[in-house]
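Engineer: generate a structure from the sequence data that follows.
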Amino acid sequence: MRKPVITGPGGVAAFPRRRRRSFGLPRLLIMVGVILVGYLLLVIAAQSLQQHRLRRELHEYETRIEEYEARNEAISAEIKRLHDLSYIEILARKYLGLVKPGETVFQVED
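Structural biologist: Below you'll find the predicted structure:
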């Protein structure tokens with residue numbers, strides 16, 4: 001016995017409809033696996049970017065620390081020189097124009 005032909009509008013035979021397949025466990029596991037791998041790659045990329053940013057910040061802070069240490073050493077050396085009376089005398093003569101009693105000052109104009 002022959003199956004009857006189902007006709008659509010206008011009397012034209014319609015294509016037989018495929019039966020929908022169920023999603024199935026293997027297909028579901030593959031989809032979950034792909035989503036999980038994508039998520040893990042996204043997390044790894046985000047962590048890598050954060051690590052790069054933190055390393056750059058660390059380098060900037062280390063550079064600042066080195067600059068501050070050099071500045072502190074220069075200031076410490078200046079403080080040690082200021083405890084020396086001969087250095088204070090040189091500064092007084094240079095910046096304040098002071099002279100010892102009985103000295104004669106000569107100024108040369110250009």
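Engineer: same for the helix or strand hosting residue 63, what does it pack against?
Structural biologist: Following DSSP states H and E, one finds residue 63 within helix 25-82. The helices and strands touching helix 25-82, judged by 3 or more CB pairs under 8 Å, 6 or more residues apart in numbering; DSSP states H and E, number zero. In short, each C-beta sits where N, CA and C put it, glycine included.
Engineer: now it: mean pLDDT?
Structural biologist: Mean pLDDT, helix 25-82: 96.
Engineer: distance from the chain centre to it, please.
Structural biologist: Distance of helix 25-82 from its chain centroid, counting by CA atoms, centre = their mean, to the nearest Å, is 6 Å.
Engineer: swap in stretch 100-108?
Structural biologist: The mean C-alpha position of stretch 100-108 is separated from the chain mean by 61 Å, CA atoms, centre = their mean.
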